[in-house]
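Q: need coordinates for the following:
(chains A, B, C and D)
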4 protein chains.
Amino acid sequence: MKSLEEELAKARAAYRNWGRWGEDDVLGTLNFIDDEKRARAASLVRRGRSISLAQRFGEDGPQNGFRGRINPQHYMKDTGSDAWAETQGFPHGFGGCDDHVVMPLQSSTQWDGLGHIFDRKQAWNGRPCTIVDGTGDHVTGIENMASQFVSRGVLLDAGRALGENGELPDGFAITEEHLEQIISLQGPTSAVGRGDIVLLRTGQLGRCRRQGSWGDYAGGAAPGFSFTSLGWLHRTEIAAAATDTWGFEVRPYEFPGHVFSPVHQIAIPNMGLLLGEMFDLEELGEECAADGVYEFLLVAGPLPVTGAVGAPVNPIAVK
Amino acid sequence: MKSLEEELAKARAAYRNWGRWGEDDVLGTLNFIDDEKRARAASLVRRGRSISLAQRFGEDGPQNGFRGRINPQHYMKDTGSDAWAETQGFPHGFGGCDDHVVMPLQSSTQWDGLGHIFDRKQAWNGRPCTIVDGTGDHVTGIENMASQFVSRGVLLDAGRALGENGELPDGFAITEEHLEQIISLQGPTSAVGRGDIVLLRTGQLGRCRRQGSWGDYAGGAAPGFSFTSLGWLHRTEIAAAATDTWGFEVRPYEFPGHVFSPVHQIAIPNMGLLLGEMFDLEELGEECAADGVYEFLLVAGPLPVTGAVGAPVNPIAVK
Amino acid sequence: MKSLEEELAKARAAYRNWGRWGEDDVLGTLNFIDDEKRARAASLVRRGRSISLAQRFGEDGPQNGFRGRINPQHYMKDTGSDAWAETQGFPHGFGGCDDHVVMPLQSSTQWDGLGHIFDRKQAWNGRPCTIVDGTGDHVTGIENMASQFVSRGVLLDAGRALGENGELPDGFAITEEHLEQIISLQGPTSAVGRGDIVLLRTGQLGRCRRQGSWGDYAGGAAPGFSFTSLGWLHRTEIAAAATDTWGFEVRPYEFPGHVFSPVHQIAIPNMGLLLGEMFDLEELGEECAADGVYEFLLVAGPLPVTGAVGAPVNPIAVK
Amino acid sequence: MKSLEEELAKARAAYRNWGRWGEDDVLGTLNFIDDEKRARAASLVRRGRSISLAQRFGEDGPQNGFRGRINPQHYMKDTGSDAWAETQGFPHGFGGCDDHVVMPLQSSTQWDGLGHIFDRKQAWNGRPCTIVDGTGDHVTGIENMASQFVSRGVLLDAGRALGENGELPDGFAITEEHLEQIISLQGPTSAVGRGDIVLLRTGQLGRCRRQGSWGDYAGGAAPGFSFTSLGWLHRTEIAAAATDTWGFEVRPYEFPGHVFSPVHQIAIPNMGLLLGEMFDLEELGEECAADGVYEFLLVAGPLPVTGAVGAPVNPIAVK
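A: So this is what the prediction gives:
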């Protein structure tokens, strides 16, 4: 592989989608999903089984302060104990609880927004990065995508196809060849095409659970998409892709020296590709392995926080 | 109507579902949804049109401090301005943003959890209210329902059926008779039965938008379910019901004196019925009025915050 | 008065203290306080009466969302109700409570940090404003001043000296002449000189309390320092100045058109003067009026939040 | 030592101050401070040197999630980068920053409030623990003490007097005999009496700094007050006591089995003694060792958060 700067330059030239959907676009590759695609995705539902792909949002999550990310902090504002102690003052036997949360929008299962990453001070579609200031993303905020993440989902279970005991080791870079190999192994329900949302299971999350420890899940070494897979991510015209890892791409990175998230740098601001992270693909992986069907309806609209550059989501796969 | 205490006693006796799904149940009326129901719900998708029913989560929301609820506060942790000013220290032209949120879990579009309301110190299924203490709901936390809210949705557009200009006035109590009248007017796609999720549009949200002011949307007068509709909510065996208002039930209440949320007091701890609030039903209302079809696939899994007594949701209707 | 731009230019030329305490300075006019000053300030204590000048930090404060500022949100993490309900699990009769807060650092009684305001992209001492990015003030953060705010305090009770019933009307611009008039009326204990911390009571906070309503205390019209008082603020070589209002300077501003906080624009980045806001000077005002002594020991170190551009404080006057 | 239950019973009988200052008291041992005490404390100031005893409040603090405590999270709402990028929209060259914080009130240097700890469901002065519910401490909230913490401070430098290199090892229980030994070694300026605020330096904080790691400072083993020192804490009629450790009392505890904070259990609800934690006594320790004077004016009013059971403070010692 050439130097990172050369690779970035080549990837920009090859995969940049700026202007593809007009200069006002705020949806990126979600434009690949249309009504027909969604209708066909719904028709994939056979058994009626629904599976949440969200990790729990709680104080025992994996965040450790890296990039300033803490785990969700849950605060009760009224409690059942208060009702029990009769301090609430409600009439006729009524009692109630209320709660609040403080959390990084990317502390658990999440979509990266288009304003999350910049390339040489440019955001998606060639906008200046200053569209995101201290008061949020004023153009491509995640609230614009509230209804968009409905499509055919495809699980590519790299852990089962390429790993041992269903898990890839940390640092395993998943290349285009690997992706095609998985599809071939899994069969025709895994074929990937325009508008699909690809879910890549590495097994890292399952390993953390099996070991009973997050280790350095949040920000440490992990299996993930190789920089060389960007061509595939672009050419397939998928609408979005997500992994069961903290950071989508392989870590450590495939380049020497001071490097940070080069796959993101091409995928988000240049391709306009929506990336998902920390998806819980364990149950889905078991279900797909059991019935041999790797396609399903996926409904995964993020919480539409105004101006957000990422947002939590409870993705639902329906088989 | 008799005194509230008498009505509560009667309603408890008539509508209590404790034990119906076993003593360990944490799902309440969501038990009415099964795989077959979900599969049939998916088959309702024809046009492939997806509609988010979430209001935006932002600082310009309706909350005014009532019940300690503020609007979501959005904090940027890194910004595009920082990338512009070159203070981030990332290599190879990379720049990035991260953001956090502070919010009441019931500050915008939301499902009430089963631990949200108690009746005479008892929670759903007869548990003591002390299952919810300062560290959360230790039994019926909303995380248990992450994959459950997938079913046939039915829009009952009370605003269009019973109101003027598509809007009901504040204080309008929607009774069982009104509900049947709406169903009759809207036609057979509105028939309500076991496992359905009923969305009741009053038009109040639309009125706020039209008037350009929240007024006292959060906690003030509103149209909503009448206490007398509890029999219908119970008998139809629906899985959940939601409105476009702050508080689900009609306000002011239908009883004199010091009263607080009597419909909640029966529906949540006694029936185990899931209630949704602040759903944005404006676009859905227009779509259904246009094509005359009031049923659709609804996927509305809440953000699974551990131990939460309510949770934000981005509900997606697919027609 | 000339145009604002001309006045700003003149004020910059006349009052800029850049370089006065070296190019690395992070304390601004707090440099006017030295050990001798502090020792003499302590010697002013006679009666031993201590008075907190802090407003309460709570949800019933004046903030209304202007400038994104909410009132402090107080969250209990464990409660006495939990201890009562015996859900805590502690041994030997132990019970406990813990609590958290979410708040703008300038939501109540506070010092503005030197990184709070810029003038033409320049911060205090001529630094570029980019010293404050999304991760805080990396040079002049308020933590540098943790031990500095100890000096002689002087109350200038403009409300009593110039107003009716001890209160100035909103929009009253307090000029240098007014300040000298107050000092003259109050007598020699009010003389203002190097290193003093001046507390200017307008009576606006008392009026809000008397009327039982915050009105638009937070960001609306108010009495306050006139732009023409900047010369006095500079010449007296005071270490800091604070008011009982939201915004220190008079509002509406004394210039037509689109104007925002011109006194701040000169005082903070150019003079390096520390400004305090929302001080509760009601009790202190009564005490000073009663004994005729307007000088006292003032200890008012801000909470040293790392990188903060302002910080809450519980200022203590000891007479 | 006898069993913990026996010791607790004996200590309750011997040290309980309930009713000592009337049944409505909300100040506990702060009642030992009067105007004369404060005036004499101010007269101790000779050099005019002021020393902040606050640790910095930031994300690099010691909290690790134990007892739900995180480190303060600092959020910028506007930034200098925004001013640089010209996204703020202010006129005439004005630029500004604002910031918010999320933090446990006891995440750094702090006073425990009287509602922080209960003994057999009873709070200070014999009140039921239900005075503190999900909405805060409705009787003894820390806001009642805003102006009280002004008195003579006395540093007892146990680290220097009893330790090696100025540090006591973890688990070192400081008894009454140790306290008297320190006073004797340090000389007459260390004599402890009515109304004093005692600051006990163990050196643990200094050790963390020296080692460049918090280790398990927050909630782990530590030197601290022995259960047997309660008689001294009571008999001396001090107003408050604070340490440079996370938890005031020695850890591990001096009793076998499941034990939690027995010194707190007697000191707070029974004696009404105000306890401070995480004070930074490093600089003060050096100053006192240098000049041999261990008494000083201490001004340490907590941030008056309404209904709080503890509050951050920037304590200022003036010598």
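Q: OK, contacts around the residue of the stretch 201-319 of chain A found nearest chain B?
A: Chain B sits closest to A:Thr306 of the stretch 201-319 of chain A, with a gap of 3.1 Å, by Cβ to the nearest Cβ. Just so you know, the C-beta spots here come from the backbone N, C-alpha and C atoms, and that holds for glycine as well. A:Thr306 sits next to A:136, A:141, A:143, B:56-60, B:72, B:74 when contact means Cβ atoms under 8 Å, 6 or more residues apart in numbering or on different chains.
Q: what's around the nearest residue to it once chain neighbours are set aside, how many residues?
A: Spatial nearest neighbour of A:Thr306, excluding adjacent residues (Cβ to Cβ, 6 or more residues apart in numbering or on different chains): B:Gly58 at 3.1 Å. Residues lying near B:Gly58 (other Cβ atoms under 10 Å in any protein chain shown) number 22.
Q: B:Gly58 and B:Asn71, how far apart?
A: 7 Å (Cβ to Cβ, to the nearest Å).
Q: again with A:Gly166
A: In terms of Cβ to Cβ, A:Gly166 sits 43 Å off from B:Asn71.
Q: cool, A:Arg120 as well?
A: On the measure of Cβ to Cβ, A:Arg120 and B:Asn71 end up 35 Å apart.
Q: coming back round to it: the more surrounded of A:Gly166 and B:Asn71?
A: Each of A:Gly166 and B:Asn71 has its neighbours counted (other Cβ under 10 Å); B:Asn71 has more, 24 against 21.
Q: need the contact list for the residue lying closest to the more buried one once chain neighbours are set aside.
A: Of all residues not flanking B:Asn71 in the chain, B:Gly61 sits nearest, at 4.0 Å (Cβ to Cβ, 6+ apart). If you count contacts by Cβ under 8 Å, 6+ apart, B:Gly61 has them with B:55, B:71-72, B:107-108, B:214.
Q: ranges for the strands of the stretch 151-300 of chain A?
A: Assigned by DSSP state E, counting those that start in this stretch, the stretch 151-300 of chain A shows strands spanning A:173-174, A:197-201, A:224-225, A:240-243, A:274-277, A:295-299.
Q: could you dump these to a markdown table with mean pLDDT and distance to C:Pro256?
A: Shown next, in a markdown table, are these (pLDDT from 0 to 100; distance: least, Cβ to Cβ, whole Å):
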| stretch | mean pLDDT | distance to C:Pro256 |
| --- | --- | --- |
| strand A:173-174 | 98 | 63 |
| strand A:197-201 | 98 | 55 |
| strand A:224-225 | 98 | 58 |
| strand A:240-243 | 98 | 52 |
| strand A:274-277 | 98 | 48 |
| strand A:295-299 | 98 | 55 |
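Q: so which of these comes closest to chain D?
A: With Cβ to the nearest Cβ as the measure, strand A:274-277 is the member of the strands of the stretch 151-300 of chain A nearest chain D (20.9 Å).
Q: isn't A:Met271 right up against A:Gly231?
A: No - A:Met271 is beyond contact range of A:Gly231, at 10.6 Å (criterion: Cβ atoms under 8 Å).
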